[in-house]
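A.B. asks: The following comprises the amino acid sequence and a computationally predicted model.
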Amino acid sequence: MKARSSRRGEGVPPIPQSGDYRLTDARLHSSLTPGFEVAFDGDGFALADIEVVDGRIASISNRQSHPQVNAIDLKGRIVLPCFVDCHTHIDKGHIWPRSPNPDGSFIGALAANETDRCDRWNAEDVARRMDFSLRSAYAHGTRALRTHLDSAAPQDEISWPVFEAMRDKWRGRIELQAASLIGIEDVRETAWFDGLARRVAKAGGILGAVTYMVPDLDALLDHMFSLAIKHGLDLDFHADETDRVEAASLRKIAEAALRHRFEGRMLVGHCCSLARQPDAEVLAALDIVAKAGLAVVSLPMCNLYLQDRRTEATTPRWRGVTLLHEMKARGIPVAVASDNTRDPFYAYGDLDMLEVYREATRILHLDHPVGDWPKAVAETPADAMGLDGAGVLRAGGPADFIVFKGRSWTELLSRPEADRVVVRDGRAIDAALPDYAELDDMMV
Ligand SMILES: Nc1ccnc(=O)[nH]1
């Protein structure tokens, strides 16, 4: 009997669940395959064979034209390395049903989140929601993820131990990192903040804060940089997540980094106000950012949602994202990431980095040409997180990749690709997404 074709048509062929194998006719991107020297087409693609031995990529080679034994013919489908999501808030994730944002504004988000945190974030609540988020990220093909942790007292004492346990639980599937999240003004409480820095150091975390234009910003940044140097910590900031033209704390962070000759890694998120500032001023600031060695991550979905929301009678007129193209032109490493998921800061989202890349392409024009923009969800965030060998496909590296149905950028970025096949250490994983109903008892 002839098999009936599904509505979705022919899918990605099955990946062997044991033994070594060869994928033939895989479509690989030049920006994600360092060391694979071949003639790539105008979209940056080339057809290749991938040999998987003992869960690792043994070789990537020119597509062979003669038939191969033990080969799985991908028929030109795109294969990307597993994603790296360098800016999320999985401690907040999925609280939307019990604490929605009343009006979609940033202020509304802060207030709704704070009430929810103070009332509800015990260790079990945080752990269950975090685990739910990690299962979604894993199923979509993410292999490393950094979350911020709301760390205002007393939440720091609850969430940091949960993070440490969750990192252990997920080791080998998702490499989990955490950065502290506090308002920069909390650094004025020096005794408390010194304790937080010690707690972050003990957990192997990253020291982070939200910066805005307070009069003593330079002094507060100096204190943060000093403590980061003392404890050997990397830094991660939320900066200038506002439409206010005078918000220029990114530049202040860069100047502090130069003052301290800081040698750790620094990642700065948001930087929305840059898009509202006069060209001459902002481009001069970016030169300093480049010199200081900061990396920048834009959060296109969350900031499209939150920024330029004035009243329910106004239409948004700007996109909320920062100047990624101008940054990249100056050699600043630039990434895009998920940010919030189903919480007061963003009503939607599922930690799907393909969705982030698809939306980023539209919102930020990461096309014409695509160039090496795919790095923004792979090798660039991996570098910013200090991960070795993530975000690329190369001989000798782990066989951690995603096989998509799409064979071109327009096919890949037009559909959700819900039937993608995620391969970890050479094997297809169970890519089922967790059911929201699991969280119902926590939402009353
Ligand atoms: N965009 C955001 C700013 C601050 N906190 C968040 O969770 N998200």
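C.D. replies: Okay, I see it.

A.B. asks: Next up, phi/psi of the residue in the stretch 251-400 of the chain positioned nearest to the ligand, please.
C.D. replies: Ranked by CB to the nearest ligand atom, the top residue of the stretch 251-400 of the chain for proximity to the ligand is Phe345, at 4.0 Å. C-beta coordinates here come from the backbone N, C-alpha and C atoms, glycine included. The phi and psi torsions at Phe345 (degrees, to the nearest 10) take the values phi -80, psi -20.

A.B. asks: Quick check: closest non-adjacent residue to it.
C.D. replies: Nearest residue to Phe345 in three dimensions, chain neighbours excluded: Ala109, at 4.4 Å (CB to CB, 6 or more residues apart in numbering).

A.B. asks: Same check on Leu366?
C.D. replies: Leu366's closest residue in space is Trp373 (CB to CB, 6+ apart), at 4.0 Å.

A.B. asks: if I look at that neighbour, how far off is Ser105?
C.D. replies: Separation of Trp373 from Ser105 (CB to CB, to the nearest Å): 30 Å.

A.B. asks: who has more neighbours, these two?
C.D. replies: Trp373 (24 against 16; other CB atoms under 10 Å).

A.B. asks: List the buried residues for the biggest helix by length in the chain?
C.D. replies: With secondary structure taken from DSSP state H, the chain has its longest helix at helix 123-140. Neighbour-count burial for helix 123-140 flags 125-140 (criterion: 16 or more other CB atoms under 10 Å).

A.B. asks: any idea which helix or strand comes after that helix?
C.D. replies: On the C-terminal side of helix 123-140, the closest following helix or strand by DSSP states H and E is strand 142-150.

A.B. asks: quick one: is that next one near the ligand?
C.D. replies: No - taking CB under 6 Å from any ligand atom as the criterion, strand 142-150 and the ligand are apart, separated by no less than 6.6 Å.

A.B. asks: chain center to the host helix or strand of Arg117, what's the gap?
C.D. replies: Using DSSP H and E, the element containing Arg117 is helix 106-120. Here helix 106-120 is found 23 Å from its chain centre; the criterion is CA atoms, centre = their mean, to the nearest Å.

A.B. asks: wait, does it make contact with the ligand?
C.D. replies: No - Helix 106-120 stays clear of the ligand (CB under 6 Å from any ligand atom), getting no nearer than 6.7 Å.

A.B. asks: Alpha carbons only: can I get that helix in PDB?
C.D. replies: What follows is helix 106-120, C-alpha atoms only, in PDB (Å, rounded to 0.1, in the frame of the first residue of the first chain):
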ATOM      1  CA  PHE A 106       8.000  49.100  30.600                       C
ATOM      2  CA  ILE A 107       6.700  50.600  33.800                       C
ATOM      3  CA  GLY A 108       3.800  48.200  33.800                       C
ATOM      4  CA  ALA A 109       6.300  45.300  33.400                       C
ATOM      5  CA  LEU A 110       8.500  46.500  36.300                       C
ATOM      6  CA  ALA A 111       5.500  46.800  38.600                       C
ATOM      7  CA  ALA A 112       3.800  43.600  37.700                       C
ATOM      8  CA  ASN A 113       7.000  41.600  37.900                       C
ATOM      9  CA  GLU A 114       8.000  43.000  41.300                       C
ATOM     10  CA  THR A 115       4.700  42.200  42.800                       C
ATOM     11  CA  ASP A 116       4.800  38.700  41.400                       C
ATOM     12  CA  ARG A 117       8.400  38.200  42.600                       C
ATOM     13  CA  CYS A 118       7.700  39.400  46.100                       C
ATOM     14  CA  ASP A 119       4.600  37.300  46.500                       C
ATOM     15  CA  ARG A 120       5.400  34.100  44.600                       C
END
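
A.B. asks: Any chance you could list what contacts it?
C.D. replies: If you take CB atoms under 8 Å, 6 or more residues apart in numbering as the criterion, helix 106-120 is touched by 92, 95, 98-102, 150, 155, 241-242, 306-307, 309, 343-345, 442.

A.B. asks: Okay, and which of those residues map to strands?
C.D. replies: Asp150 (DSSP state E).

A.B. asks: Buried ones from the contacts of helix 106-120, can you make that a PyMOL selection?
C.D. replies: Command for PyMOL that selects the buried part of the contacts of helix 106-120, burial taken from 16+ other CB under 10 Å:
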select buried, resi 92+95+99+100+101+150+155+241+242+306+307+309+343+344+345+442
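
A.B. asks: Quick one: residues contacting Arg244.
C.D. replies: Contacts of Arg244 by CB under 8 Å, 6+ apart are Met213, Ser273, Arg276.

A.B. asks: mind redoing it with 7 Å?
C.D. replies: Ser273 (CB atoms under 7 Å, 6 or more residues apart in numbering).

A.B. asks: and if you look at the one 10 residues further on?
C.D. replies: Ala254 makes contacts with Ile288, Val289, Ala292, Leu294, as judged by CB under 7 Å, 6+ apart.

A.B. asks: Using the three-state scheme, assign the residue nearest the centre of the chain.
C.D. replies: By CA atoms, centre = their mean, the mean C-alpha position of the chain lies nearest to Asp85, the distance being 2.3 Å. Judged by DSSP: H, G, I helix; E, B strand; the rest coil, the three-state class of Asp85 is strand.
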